[in-house]
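Asker: what's the 3D shape of this:
(chains A, B, C and D)
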2 protein chains.
Amino acid sequence: MATPEHSLEDTLGSHITTTLRNAIVCGDIKPGTKLSEPKLAREYHISRGPLREAIRRLESMKLVKYVPREGARVITLDLPQVIEIYHIREALESKAAALAAHNISEDGLNKLKHLLALAEQHMATSGGAYIQADVDIDFHYQVIQSSGNQMLIHLLCEELYYLIRMYRYQSSLQPNRSHNALIEHQQLIMALEQRDEQLAEMIMRKHIVRARQNIEQQILKS
Amino acid sequence: MATPEHSLEDTLGSHITTTLRNAIVCGDIKPGTKLSEPKLAREYHISRGPLREAIRRLESMKLVKYVPREGARVITLDLPQVIEIYHIREALESKAAALAAHNISEDGLNKLKHLLALAEQHMATSGGAYIQADVDIDFHYQVIQSSGNQMLIHLLCEELYYLIRMYRYQSSLQPNRSHNALIEHQQLIMALEQRDEQLAEMIMRKHIVRARQNIEQQILKS
DNA sequence: CTGGCAAATATTGTCGACAATCTTTCGCGA
DNA sequence: TCGCGAAAGATTGTCGACAATATTTGCCAG
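Answerer: Purely as a prediction, here's the structure:
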């Protein structure tokens, strides 16, 4: 699995949260599906208490939408919503890059270089746009972790990134811009090594703006 | 109350959520206090079910920190944490201003002008730094609402702004920069009227950076 | 008097049950 | 046949109870 797993799994509620989260992100539970408490409780052999906790946590990850007295449904991501998310990514991740330029450690830089090398390998061998998506997410994940801003890390990695992952899984067949992305990642690493906050911020901003424009073109085509 | 109240209050859980949220934000429940489920349940004459739901929601607003098998405690905001929040505000609200320059309605502009006038009145009469804080928050709140980005609105107004309110209540006695802030608000309104996205973004960014620097000076003094 | 261990107490995690509400199904009339 | 309304069914909201864990109290040894 691509995501570092923080969950302690020591309580039933947090365990079922990760289970459902993965199922939703990977598409095993399809968008729009109703999360029926009695049904899921039977399925996973637990009571409704921990389930309700899980559903509320999924709600804070924006993976489900909850309506009082009606229950929870898996979110249906349409393109305009994805655009909204990318605007937020642009703002937050460019900030993360700036902070990372200031705070990243030697170890953090090495991890980024390793991820970049991995991605280049995948590109060369399988030309694989599919696998590339995971490595790309890991790269951004690592930049955010290097920002040192705990609140920012939590916002992006715990609350927003599962949504992005979900979108990636859904649209993994569509054309992406793997090659350009690699160059931009390389530029970012260089800026981080130079400790150039403004440059790192701008590179990340443009990187995400391009990704967003890529998506906006899909809307026009449809 | 300064905040528009979205809560439907139709379920016990959401009702107790707003009650506790207000109590925490206003300082009636002090930072560091443990939110004991049995105690609160007796106090508000409800069972632990809705309470647990409320606590989880407060957790997603970052107002309480939850540790498995230990319970929830009201967050203790130290200055470094507030700095972190202001970095996030800088990123998100400058983006909100840019989007607002594109999307704000005539009605939205009028609301902003009204809030500005209110603030000027308060400044003139009571010279009141205290009341000013509320009007300032309302101003930012209105700009965010005008961005049109639902996800951004939710992130800022539902998840992050209660934290900021809490900090404001705690530090309401400390010197703030009311006068300068008013000028910057005025500049922002002008930029929004011109539909100048870049200018609006920059004004908001500098406005929040200055506020952050104001706080950073407090750290140095202590 | 202090420190640490053990019993007692309180709190959290989980469960099953019941009432209120929503959804679906079925039947009736136009 | 179609649409409306009522009954039946299912689901959510809330509650109280019990087990497992954490915290506090109190005792004893040093």
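Asker: domain parsing for chain A?
Answerer: Following automatic domain parsing, one finds the domains of chain A at A:4-74, A:79-221.
Asker: please tell me how far the helix or strand of chain A with the lowest mean pLDDT is from the chain's geometric centre.
Answerer: Least confident helix or strand, chain A: helix A:129-145 with a mean of 85, by mean pLDDT, DSSP states H and E. Offset of helix A:129-145 from its chain centre (CA atoms, centre = their mean, to the nearest Å): 8 Å.
Asker: kindly report the same for stretch A:111-124.
Answerer: Taking mean C-alpha positions (CA atoms, centre = their mean), stretch A:111-124 and its chain are 18 Å apart.
Asker: what's the answer for stretch A:166-185, then?
Answerer: For stretch A:166-185, the distance to the chain centre is 12 Å (CA atoms, centre = their mean).
Asker: what comes up buried for that stretch?
Answerer: For stretch A:166-185, the buried set under the neighbour-count rule, 16 or more other CB atoms under 10 Å in any protein chain shown, comprises A:Met166, A:Tyr167, A:Arg168, A:Gln170, A:Ser171, A:Asn176, A:Arg177, A:Ser178, A:Ala181, A:Leu182, A:Glu184, A:His185. For every residue, glycine as well, the C-beta is placed using N, CA and C.
Asker: from those, which single one is nearest DNA strand D?
Answerer: A:Met166 (20.9 Å; CB to the nearest atom of the strand).
Asker: need the next SSE after the one helix or strand the closest one maps to, C-terminal direction.
Answerer: Element membership for A:Met166, per DSSP states H and E: helix A:161-170. As assigned by DSSP H and E, the chain's next helix or strand after helix A:161-170 is helix A:178-193.
Asker: averaged pLDDT, stretch A:93-102. What do you get?
Answerer: For stretch A:93-102, the mean pLDDT works out to 98.
Asker: what's the lowest-pLDDT member of the buried residues of stretch A:166-185?
Answerer: A:Asn176 (69).
Asker: just the pLDDT for the spatially most central residue of chain A.
Answerer: Centroid-nearest residue in chain A: A:Tyr161, 2.7 Å away (criterion: CA atoms, centre = their mean). A:Tyr161 is assigned 94 on the pLDDT scale.
Asker: circling back: which one of the domains of chain A lies closest to B:Arg69?
Answerer: Among the domains of chain A, domain A:4-74 comes nearest to B:Arg69, with 7.6 Å by CB to CB.
Asker: tell me if the closest one is near DNA strand C.
Answerer: Yes. Applying CB under 7 Å from any atom of the strand, one finds domain A:4-74 in contact with DNA strand C at A:Thr11, A:Leu12, A:Gly13, A:His45, A:Ile46, A:Ser47, A:Arg48, A:Gly49, A:Pro50, A:Glu53, A:Arg69, A:Glu70.
Asker: neighbours around the third one, how many?
Answerer: Other residues lying near A:Gly13 total 19 when counted by other CB atoms under 10 Å in any protein chain shown.
Asker: quickly find the element holding A:Gln121.
Answerer: Assessed by DSSP H and E, A:Gln121 sits inside helix A:106-125.
Asker: now the buried residues of stretch A:166-185 in JSON lines, with distance to A:Tyr141?
Answerer: Shown next, in JSON lines, are the buried residues of stretch A:166-185 (distance: CB to CB, whole Å):
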{"residue": "A:Met166", "distance to A:Tyr141": "15"}
{"residue": "A:Tyr167", "distance to A:Tyr141": "15"}
{"residue": "A:Arg168", "distance to A:Tyr141": "12"}
{"residue": "A:Gln170", "distance to A:Tyr141": "19"}
{"residue": "A:Ser171", "distance to A:Tyr141": "19"}
{"residue": "A:Asn176", "distance to A:Tyr141": "17"}
{"residue": "A:Arg177", "distance to A:Tyr141": "19"}
{"residue": "A:Ser178", "distance to A:Tyr141": "17"}
{"residue": "A:Ala181", "distance to A:Tyr141": "14"}
{"residue": "A:Leu182", "distance to A:Tyr141": "16"}
{"residue": "A:Glu184", "distance to A:Tyr141": "16"}
{"residue": "A:His185", "distance to A:Tyr141": "12"}
